[in-house]
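Asks: I'd like to go over a predicted model; first the sequence, then the structure.
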Amino acid sequence: MQEENQAGAAPATAAARQPSRRARWLGRAVAVLALLALAGLAWYLTHRASAPAAPGTAARGPGGPGGPPFGGGGPTTTVGVARAEQADIPVILEALGTVTPSATVTVRPQVSGVLTQVRFREGQMVRAGDVLAVIDPRPFELALMQAEGQRRRDEAQLELARLTLQRYQTLLQQDSIARQDVDTQAAAVKQLEGTVLSDRASEGTARLNLGYARITAPVAGRVGLRVVDVGNVVSAGDAAGVAVITQLAPIDVTFSVPQDRVPEIERRTAQGATLPVTALDRTRAAVLDTGLFSTLNNEIDTATGTVRAKARFSNAGRALFPNQFVNVRVELDTLRGVVVVPVAALRHGNNGDYVYVLNEDRTVSQRPVMRGQATTDRVQIVRGLSAGESVVTEGADRLKDGARVQVAGQRPASSASVPGRGASRPAGAASRPQRRASAAAS
């Protein structure tokens, strides 16, 4: 019984395997056909633009719908252009500078004493001669009175000695006194004259010390933080002093000049030229102040190959602050009537600088040039370009020599006007089938 069941199951298994093999082969065939269909569709889409246009229909592809407006050489690139022009361009030297006050003074007392008054505020702007602090003046007043009294006493003795000498001289003429007494009295007069002169010096010293009791500002500027308070005993040996004043107007900016530019600066200053200097903020966006070039240092720094230079600014607006870092721009000269282009038009390659020049047929030519002086937005072309020629300023990264371009902001040329696409049909001219139909009707 088992043998009969096994014999009956074998044909059923073979029949089940045969349909599954057919299904696999059918699936493979469908996949191959789908791949072929996709390949054919891709070929059709890529070659449709290059297919010849049917008679009487508009051309498709380059110059027609779906293609670039200029034939031959693939799609065009939209670019921005600018004209090379003649203009004046300044010769600029840029450097990083440090603001330094034209004078920094530590105000120290000239005499010793107790500080009784402080008449300035921290950060206050003061003028030369303003009283900053006062030392107790009473000891100096007494010293002045003593010196003045000593002077007056000695002057009285001198006056008496002079009168005595006059009497002695009269008696000598009358031969009533010895010459030795006259000479002794003359020497006493001279001695008292010296004493009076010394007394006057002592009085002047006492008067000067009394004046030093009032501490004044030697220069105009800004007072720093206070370093001493009322009630302290100050003296001429105090290193910190009473206050520190920095002069802010005028103010200087020191910066470094490359040694290669030194001869140019020396030549301009020898000609009597005044070199304008502009101080810019850290971002180079705002102008802090304008001034004039002042001087160069007398030696070159061997470590950096630069020379220290100084420019002076009026600083009327107080925009420059001591020890502030600024960007310095020195205008050394001005080149008159040179050919300039926008900085964006100048390209850099392995063989040097070049520009893309726009031709009349709306193609571009790569032309090597030699650059000169440059500003933030324009650059001088020394050789290789003439004024009036158009150069590419935008989109040059996608260009090659001889490429066709479309100028931004201009309408593309029609396909009929492009060379190789046939002449454009005159307005009102009929086609050949239309002319035949009109002749038959007549």
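Replies: That came through fine. Numbers count the residues shown, from 1 in each chain.

Asks: what helix or strand is the residue positioned nearest the centre of the chain located in?
Replies: Among the residues of the chain, the one closest to the centroid is Asn327, at 3.9 Å (Cα atoms, centre = their mean). Asn327 is part of strand 325-342, with elements assigned from DSSP states H and E.

Asks: what's the answer for Gln150, then?
Replies: Element membership of Gln150 [criterion: DSSP H and E] is helix 138-173.

Asks: do Pro90 as well
Replies: Counting by DSSP H and E, the element that carries Pro90 is strand 85-101.

Asks: next, the angle strand 325-342 makes with that strand.
Replies: 180 degrees (axes from the mean of the first three to the mean of the last three Cα atoms, to 10 degrees).

Asks: contacts for the helix or strand that strand 85-101 is followed by next, please.
Replies: For strand 85-101, the succeeding helix or strand toward the C-terminus, using DSSP H and E, is strand 104-107. Residues external to strand 104-107 that are found in contact with it (Cβ atoms under 8 Å, 6 or more residues apart in numbering): 132, 215, 217-219, 221, 240-247, 322. Placement of C-beta: from N, CA and C, glycine included.

Asks: narrow those to those that are buried.
Replies: Buried residues within the contacts of strand 104-107, defined by neighbour count using 16 or more other Cβ atoms under 10 Å: 132, 215, 217, 219, 221, 241-247, 322.

Asks: could you chop the chain up by domain?
Replies: The record's domain split for the chain, according to automatic domain parsing, is 1-47, 77-84+346-413, 93-102+247-335, 112-244.

Asks: what's the average pLDDT for the first one?
Replies: So the one you mean is domain 1-47. For domain 1-47, the mean pLDDT works out to 66.

Asks: what of stretch 360-374?
Replies: Across stretch 360-374, the average pLDDT comes to 90.

Asks: you'd agree Gly221 is up against Phe120?
Replies: No: applying Cβ atoms under 8 Å as the test, Gly221 and Phe120 come out as separate, 11.6 Å apart.

Asks: need the residues touching each of those two.
Replies: Here Gly221 and Phe120 share the contacting residues Val126, scored by Cβ under 8 Å, 6+ apart.

Asks: now the helices: where do they sit in this structure?
Replies: Listed in chain order, the helices found in the chain under DSSP state H are 2-47, 138-173, 179-212, 262-270, 432-441.

Asks: export those helices as CSV, with columns for distance to Thr76.
Replies: Below are those laid out as CSV (distance: least, Cβ to Cβ, whole Å):
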stretch, distance to Thr76
helix 2-47, 19
helix 138-173, 93
helix 179-212, 86
helix 262-270, 46
helix 432-441, 33
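
Asks: go through these and name the closest to Ile92.
Replies: Within the helices of the chain, the stretch nearest Ile92 is helix 262-270; the backing value is 11.9 Å (Cβ to Cβ).

Asks: show me what the closest one is packed up against.
Replies: strand 287-296, strand 325-342 (3 or more Cβ pairs under 8 Å, 6 or more residues apart in numbering; DSSP states H and E).

Asks: want to throw those strands into CSV with distance to Val107 and mean pLDDT?
Replies: Supplementary listing: the helices and strands packed on helix 262-270 in CSV, determined by distance: least, Cβ to Cβ, whole Å; pLDDT from 0 to 100:
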stretch, distance to Val107, mean pLDDT
strand 287-296, 26, 95
strand 325-342, 28, 92
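
Asks: let's have these in TSV, adding distance to Asn350.
Replies: Converted to TSV, the helices and strands packed on helix 262-270 look like this (distance: least, Cβ to Cβ, whole Å):
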stretch	distance to Asn350
strand 287-296	39
strand 325-342	21
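
Asks: of all these, which lies closest to Gln173?
Replies: Shortest distance between Gln173 and these, using Cβ to Cβ, is found for strand 287-296: 70.9 Å.

Asks: need the contact partners of the closest one.
Replies: Applying Cβ under 8 Å, 6+ apart, the set of residues contacting strand 287-296 is 250, 252-253, 257, 262, 265-266, 269, 274-281, 307-317, 319-320, 326, 330.

Asks: now with 6 Å?
Replies: Residues lying outside strand 287-296 but in contact with it, judged by Cβ atoms under 6 Å, 6 or more residues apart in numbering, are 274-275, 277-281, 307, 309-313, 315, 319-320.

Asks: go on, stretch 163-172?
Replies: Outside of stretch 163-172, the residues that reach it under the criterion Cβ under 6 Å, 6+ apart are 177, 182, 185-186, 189.

Asks: redo that, cut-off 10 Å
Replies: Contacts of stretch 163-172 with the rest of the structure, by Cβ atoms under 10 Å, 6 or more residues apart in numbering, involve 176-179, 181-190.

Asks: what of stretch 352-360?
Replies: The set of residues external to stretch 352-360 that reach it, using Cβ under 10 Å, 6+ apart, is 79, 81-84, 341, 345-348, 363-371, 379, 381, 384-386, 389-393, 395-396, 399-405, 407.

Asks: buried stuff in it?
Replies: Neighbour-count burial for stretch 352-360 flags 354-358 (criterion: 16+ other Cβ under 10 Å).

Asks: I'd like the residues you listed laid out as a markdown table, including distance to Phe140.
Replies: Listed next are the buried residues of stretch 352-360 as a markdown table, based on distance: Cβ to Cβ, whole Å:
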| residue | distance to Phe140 |
| --- | --- |
| Tyr354 | 81 |
| Val355 | 80 |
| Tyr356 | 84 |
| Val357 | 85 |
| Leu358 | 86 |
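
Asks: among the residues you listed, which ones are in strands?
Replies: 354-358 (DSSP state E).

Asks: mind showing which ranges of this protein have poor pLDDT?
Replies: Low-confidence segments of the chain, defined by pLDDT under 70, are located at 1-21, 46-75, 411-442.

Asks: how many residues are close by Pro276?
Replies: Close neighbours of Pro276, defined as other Cβ atoms under 10 Å, add up to 15.

Asks: which non-adjacent residue is nearest it?
Replies: Taking Cβ to Cβ, 6 or more residues apart in numbering as the measure, Pro276 lies nearest to Glu331, with 4.8 Å between them; neighbours along the chain are not counted.

Asks: pull the contacting residues for that neighbour.
Replies: Glu331 makes contacts with 90-93, 268, 273-278, 293, as judged by Cβ under 10 Å, 6+ apart.
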